[in-house]
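> make a model of this:
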Amino acid sequence: MAKLFFREPLAHWARVGPARSNGCRYYQEIALGIALDRAEYLDDKTTIDTPAGLFENCVLVGETTPLELDEFSLKAYARGVGMVQDDALRLVAYGPRSPVWFRSRGRGG
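Alright, predicted model coming up:
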């Protein structure tokens, strides 16, 4: 089973924050003939159970593209955390990265 570990930027929540409404649609990418990814808010009260914990009132987003009509992707976002589900992948941990994490990748201190 693949594991998903990341911390979504908090700025992303502004996009899926209170101004949205269920059924709202938007384009994520527009590059004619290459990428026409679209998203639609499906629900904002979804509960997602992951190895990282139980997240309530998640925003559920469905993603499609007219370039691949049989493709559908389902993502869930939790306030203060970011993405907690990407299709079958579920968040396994989240939180601030330690200085050791950055040093091991040649970044910072």
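> which residue ranges form the strands in the chain?
Applying DSSP state E to the chain gives strands spanning 25-27, 38-50, 53-64, 73-78, 82-86, 89-90.
> neighbouring strands - and their directions - for the last one?
Strand 89-90 pairs in its sheet with strand 82-86 (antiparallel), by DSSP bridges.
> what's the mean pLDDT across the strand it pairs with?
Averaging pLDDT along strand 82-86 gives 94.
> tell me what angle that strand forms with strand 73-78.
For strand 82-86 against strand 73-78, the angle by axes from the mean of the first three to the mean of the last three CA atoms, to 10 degrees is 150 degrees.
> re earlier: a markdown table for the strands of the chain, including distance to residue 96 and mean neighbour count?
Every C-beta, even on glycine, is put in place using the N, C-alpha and C of the backbone. Shown next, in a markdown table, are the strands of the chain (distance: least, CB to CB, whole Å; neighbours: other CB atoms under 10 Å):
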| stretch | distance to residue 96 | mean neighbour count |
| --- | --- | --- |
| strand 25-27 | 30 | 11 |
| strand 38-50 | 18 | 15 |
| strand 53-64 | 16 | 17 |
| strand 73-78 | 16 | 19 |
| strand 82-86 | 13 | 20 |
| strand 89-90 | 20 | 18 |
